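K.L.:
quick one, structure for this:
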Amino acid sequence: MASRNTHILIGVGLSLTSYGIYKWRRKENWTLKGTCGSLILGVVAGILPDILEPSLNNPNHRAFFHSAGFAVLLLLSKKWVNENPNFAESQKLMFNSFVNTYISHLGADVRTPQGLPWL
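P.N.:
Numbers count the residues shown, from 1 in each chain. Next comes the predicted model:
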């Protein structure tokens, strides 16, 4: 099972990478606010599935928020946000980063003996 620290490291890495690519594509410099926001988002989204469904010493704690079905819902919502002109580019960046980081948690957990439920 991936540890909390592993989920945090993966989350922060993905979030900072997303922010860096966003800034690079726009030919902008990183800001302290954006970097700190990416760090916080990476930590929170990286451990959110375990906050919503804590293990409490139960290895079979995974339910809806740890499921493949929920990952599909997140990906569909990501598509909707990206195609919606009412969202600013910075909002799309944050949402995409959140979804990617959340799903990275599921990706790390799917490799464990318990795997992930479908729903």
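K.L.:
SS state for the spatially most central residue of the chain?
P.N.:
The chain has Thr101 as the residue nearest its centroid, 1.9 Å off, counting by Cα atoms, centre = their mean. Here Thr101 is helix, with the state taken from DSSP: H, G, I helix; E, B strand; the rest coil.
K.L.:
just for this protein, where's the confidence low?
P.N.:
For the chain, the stretches flagged by pLDDT under 70 are 1, 58-59.
K.L.:
what about the residue of it positioned farthest from its centre, distance to Phe87?
P.N.:
Of all residues in the chain, Lys27 sits farthest from the chain's C-alpha centroid, using Cα atoms, centre = their mean; the distance is 24.6 Å. Distance of Lys27 to Phe87, given as Cβ to Cβ, to the nearest Å: 21 Å. Bear in mind the C-beta positions are built from the backbone N, C-alpha and C, glycine included.
K.L.:
quick check on Trp30: phi, psi?
P.N.:
The main-chain torsion angles of Trp30 are listed as degrees, to the nearest 10 and equal phi -60, psi 150.
K.L.:
for it, which non-adjacent residue is closest in space?
P.N.:
Lys23 (5.5 Å; Cβ to Cβ, 6 or more residues apart in numbering).
K.L.:
so who does that neighbour touch?
P.N.:
Lys23 sits next to Asn29, Trp30, Gly34 when contact means Cβ atoms under 8 Å, 6 or more residues apart in numbering.
K.L.:
the helices in the chain, which residues?
P.N.:
Secondary structure of the chain (DSSP state H): helices at 4-25, 32-52, 68-83, 89-110.
K.L.:
out of the ones you listed, nearest to His61?
P.N.:
helix 32-52 (8.3 Å; Cβ to Cβ).
K.L.:
which helices and strands does that closest one pack with?
P.N.:
helix 4-25, helix 89-110 (3 or more Cβ pairs under 8 Å, 6 or more residues apart in numbering; DSSP states H and E).
K.L.:
got those as CSV, with distance to Ile40 columns?
P.N.:
CSV is the format used below for the helices and strands packed on helix 32-52 (distance: least, Cβ to Cβ, whole Å):
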stretch, distance to Ile40
helix 4-25, 9
helix 89-110, 11
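K.L.:
great, nothing more from me.
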